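**Student:** What would the 3D arrangement of this be:
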Amino acid sequence: MSNIIEANKIKANKISEIFVDQKAFIAFLTAGDPSLDKTEEFILAMDAAGADLIEIGIPFSDPIAEGPVIEAANERALSVFTTTDKIFDMVARVRSQTAMPLVFLTYMNPVFVYGVERFFSACQKNGINGIIIPDLPFEEKGEILSVAQAHDVDVITLIAPTSEDRIQMLAKQATGFIYLVSSLGVTGVRSEIKTDLGAIIEDIRKVTDTPVAVGFGIATPEQATTISQLADGVIVGSAIVRIIAEHGAASTGPLSDYVRKMKAALV
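**Tutor:** Numbers count the residues shown, from 1 in each chain. Down below sits the predicted model:
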């Protein structure tokens, strides 16, 4: 079966291409919640509904950047024995059906346990375009950067409101896109985002043309409209995971409806 998938694999679009002449909608979900077969189905449904890139969370027992919604999704995925190998198999099936860029969101522990070279080799083989690692300090990125680059995987730069004087230094080396964290704290839906995102994005654009996508706390079409007036893309995680928590295996329809509304709201 894997040989058939390999032969039929679709060449993935580059991450940068999703930002050309449009604002990008980026969706996150946790692999294995409620099952990997359903994760595959949900990814393809959100692709068809207008998502431009999917972030796939590799479930981990200590996801320190996540709020309770995504934490619970990690627990559900781990409870059905979701492993990194099984996730790569699922990604291969997805890549045989879509050219949409796919990005992993994970922590350093799963990458090191799997083996850095082995992990990024599998990313390249199975069509993963980028990786986001919230607990990887910028100063320690060199531990994986050369290996990731050798396998055509972008290591996505995270910039937080607390970055301040480091913003331009972080932005200069960014590839794929820049993940701008909208608010302090962990992931989760927020009723209001008070960070001066416009000023941060202005600082970023002084040193790089790498697109900027904003995540953490965005859930409504109104928020998506506001953020997309400033940024190149909008990232939604907890609101999507909450739909999956509510509807379980029957989430395909609600997810598709939600993604259509959010994509349509982008300016």
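**Student:** Any stretches of the stretch 101-250 of the chain with poor pLDDT?
**Tutor:** 183-195 (pLDDT under 70).
**Student:** Strands along that one, start to end?
**Tutor:** Here the stretch 101-250 of the chain has its strands, by DSSP state E, counting those that start in this stretch, at 102-105, 130-132, 154-155, 157-159, 178-181, 212-215, 233-236.
**Student:** quick one: which of the ones you listed is nearest F88?
**Tutor:** Closest of those to F88 is strand 102-105, at 9.8 Å (criterion: Cβ to Cβ). The way it works is simple: take the backbone N, C-alpha and C, and place the C-beta from them, glycine included.
**Student:** just checking, what packs against that closest one?
**Tutor:** With contacts defined as 3 or more Cβ pairs under 8 Å, 6 or more residues apart in numbering; DSSP states H and E, strand 102-105 has these neighbours: strand 53-57, helix 84-95, strand 130-132.
**Student:** who does that strand pair up with?
**Tutor:** Paired neighbours of strand 102-105 in the sheet (DSSP bridges): strand 53-57 (parallel), strand 130-132 (parallel).
**Student:** List the contacts of the last one.
**Tutor:** Contacts with strand 130-132, where a contact means Cβ atoms under 8 Å, 6 or more residues apart in numbering, come from 15, 55, 101, 103-106, 111, 123, 148, 153-156, 158, 176, 179.
**Student:** and if you look at the first one?
**Tutor:** Taking contacts as Cβ under 8 Å, 6+ apart, the residues outside strand 53-57 that touch it are 15, 18, 24, 26-31, 39, 43, 46-47, 63, 70, 73-74, 87, 91, 100-106, 132, 233, 235, 237.
**Student:** can you give me the helices in this protein?
**Tutor:** For the chain, the helices defined by DSSP state H cover 2-7, 36-49, 68-79, 84-95, 108-114, 116-126, 142-150, 167-172, 197-205, 221-228, 238-247, 252-265.
**Student:** mind listing what's buried in stretch 215-226?
**Tutor:** G215, F216, G217, I218, A219, Q223, A224, T225, T226 (16 or more other Cβ atoms under 10 Å).
**Student:** Let's have the residues you listed in TSV, adding distance to P137.
**Tutor:** Formatted as TSV, the buried residues of stretch 215-226 follow (distance: Cβ to Cβ, whole Å):
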residue	distance to P137
G215	19
F216	18
G217	23
I218	25
A219	29
Q223	29
A224	30
T225	34
T226	31
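**Student:** Just name the closest of these to T162, please.
**Tutor:** F216 (12.6 Å).
**Student:** farthest-separated two in the buried residues of stretch 215-226?
**Tutor:** So, the buried residues of stretch 215-226 by Cβ to Cβ: farthest apart are F216 and T225, at 17.1 Å.
**Student:** Distance check, the residue nearest to P221 when sequence neighbours are not counted against A250.
**Tutor:** Spatial nearest neighbour of P221, chain neighbours left out: A265 (3.6 Å); criterion: Cβ to Cβ, 6 or more residues apart in numbering. The gap separating A265 from A250 is 24 Å, by Cβ to Cβ, to the nearest Å.
**Student:** one step back: TSV please, covering the strands paired with strand 102-105 and showing distance to I144.
**Tutor:** Compiled in TSV, these are given as follows (distance: least, Cβ to Cβ, whole Å):
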stretch	distance to I144
strand 53-57	18
strand 130-132	8
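**Student:** Let me know which of those is the nearest to Q168.
**Tutor:** Per Cβ to Cβ, nearest to Q168 of the strands paired with strand 102-105: strand 130-132, 20.3 Å.
**Student:** Can you tell me the closest non-neighbouring residue to the most centrally placed residue in the chain?
**Tutor:** The chain has E55 as the residue nearest its centroid, 2.6 Å off, counting by Cα atoms, centre = their mean. With sequence-adjacent residues excluded and distances taken as Cβ to Cβ, 6+ apart, E55 is closest to F28, at 4.1 Å.
**Student:** In contact with that neighbour, which residues?
**Tutor:** Neighbours of F28 in contact, by Cβ under 8 Å, 6+ apart: I54, E55, I56, G57, L105, G215, I235, V236, G237, I240, V241.
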